[in-house]
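Colleague: starting from these lines, generate the structure:
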Amino acid sequence: MPPRRWARAPPGRACASSASGRARPPSGWSCAPPSWEAPVAEAAAIGGAARESEAGFTLVEVLVSLALVALLSLLLLQGAWTATRMSRHLAAAERQASVQAVRDHLRRTLEDAVAGIGAGRSAAFAGGPDRLLLVTDSERTVEAGGQMRVHLGLAPSATGLAPSTTGPGASGSGTTGLDLVEARGLDRGVRAEAARPEPLLRGIAGWSLRYYGRRSPTPLATWGETWDVGDRLPFLVSVTVAFPQGDPRAWAPLAVPIGGAR
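Modeller: Coordinates of the predicted model:
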């Protein structure tokens, strides 16, 4: 049997007296617990602390999780913003490409204007500030042989039925803009073959034309908003298209030399 050890007892605690006559500790001393009880108590305390730590998250773990969530949210927002911006840029580039296609079409049409037409036919070239009538040679690859009479003008976007000859004011109430339209048909005399106007540019604010050339037998050439010299073509035609406010499309100055001018 191991020897009995004595230890100071806390106030109010002391070894009870033994009726068997065994030795009692001095006053104020208590029986020391067996040597194996202390390690067991310490292990129980450590186990309880471990279970408490496993039951929840530490502050560091919570902060790291919040940081990862914030970073992931930022990456998602950045990706969505980039995709939206790219979509807008692609749409704007597509709209601007349609503007360039119209510019190329107008350039080819004006360059192919002819002054010589058969007897008894109306003027081959008559222009105003927002309308134009001209005669061109047909494109053999896509059109029947002969000369084509071309009308260029404005039409309300709501209808788009016929070229306007009165400018932007002809759009009427309830329309959201204007369309630049073209009517092209075979030139069969005073009256050209009827053709349905086709829109070239939709949703514009207006367009304007100016003509540079000799309006009389004198060699002096001037700019003007109309051209009514029946037997002569202008040297240059300036075309300007305006778009509504906020429309990303742009129109650079366009001046086309007329191939048949003299």
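Colleague: the closest residue to Ala124 other than its chain neighbours bridge partners, please.
Modeller: Nearest non-adjacent residue to Ala124, counting by C-beta to C-beta, 6 or more residues apart in numbering: Val135, 4.2 Å away. C-beta: built from backbone N, CA, C; applies to glycine. Val135 has these beta-bridge partners by DSSP bridges: Arg149.
Colleague: residues touching Val135, list them.
Modeller: Ala113, Val114, Ile117, Ala124, Phe125, Gln147, Met148, Arg149, Val150, Asp187 (C-beta atoms under 8 Å, 6 or more residues apart in numbering).
Colleague: and if you look at Ala205?
Modeller: With C-beta under 8 Å, 6+ apart, Ala205 has these contacts: Pro168, Gly177, Leu178, Ala242, Phe243, Pro244.
Colleague: can you check Gln96 too?
Modeller: Pro248, Arg249, Ala250.
Colleague: now do 6 Å
Modeller: Arg249 (C-beta atoms under 6 Å, 6 or more residues apart in numbering).
Colleague: what helix or strand does it sit in?
Modeller: Using DSSP states H and E, Gln96 falls within helix 59-111.
Colleague: what lies in contact with the next helix or strand after that helix?
Modeller: Using DSSP H and E, the next helix or strand after helix 59-111 towards the C-terminus is strand 125-127. Identification of contacts with strand 125-127 by C-beta under 6 Å, 6+ apart yields Ala113, Leu133, Leu134, Leu209, Tyr211, Trp227, Leu233.
Colleague: Val99: how many residues sit nearby?
Modeller: Residues near Val99, counting by other C-beta atoms under 10 Å, number 18.
Colleague: name the SS class of the nearest residue to it once chain neighbours are set aside, please.
Modeller: Among residues not flanking Val99 along the chain, Arg249 sits closest, at 5.3 Å (C-beta to C-beta, 6+ apart). Three-state call for Arg249 (DSSP: H, G, I helix; E, B strand; the rest coil): coil.
Colleague: now do the contacts for Arg249.
Modeller: Contacts of Arg249 (C-beta under 6 Å, 6+ apart): Arg95, Gln96, Val99, Phe243.
Colleague: gap between the residue nearest to the last one when sequence neighbours are not counted and Thr58?
Modeller: Pointing back at Phe243 there. Closest residue to Phe243 apart from its sequence neighbours, by C-beta to C-beta, 6+ apart: Arg249 at 5.0 Å. Distance, Arg249 to Thr58, using C-beta to C-beta, to the nearest Å: 59 Å.
Colleague: verify the stated contact: Leu200 with Leu180.
Modeller: Yes. In this structure, Leu200 is within contact of Leu180 by C-beta atoms under 6 Å, at 4.7 Å.
Colleague: higher neighbour count, these two?
Modeller: Higher neighbour count among Leu200 and Leu180: Leu180, with 23 against 20, using other C-beta under 10 Å.
Colleague: tell me the secondary structure at that one.
Modeller: Classified using three-state DSSP, Leu180 is strand.
Colleague: so which strand or helix has the closest residue to it other than its chain neighbours?
Modeller: In space, and not counting its chain neighbours, Leu180 is closest to Leu201: 4.2 Å by C-beta to C-beta, 6+ apart. Taking DSSP H and E as the definition, Leu201 sits inside strand 198-204.
Colleague: got the buried residues for that strand?
Modeller: Leu200, Leu201, Gly203, Ile204 (16 or more other C-beta atoms under 10 Å).
Colleague: shouldn't the last one be in contact with Ser157?
Modeller: Read it as Ile204. No. The pair Ile204 / Ser157 is not scored as a contact, 8.6 Å apart, by C-beta under 6 Å.
Colleague: how close does Arg232 sit to Pro197?
Modeller: With C-beta to C-beta as the criterion, Arg232 and Pro197 are 27 Å apart.
Colleague: does Trp227 have beta-bridge partners, and which?
Modeller: Gly127.
Colleague: now it: how far from Phe57?
Modeller: Taking C-beta to C-beta, one finds Trp227 at 83 Å from Phe57.
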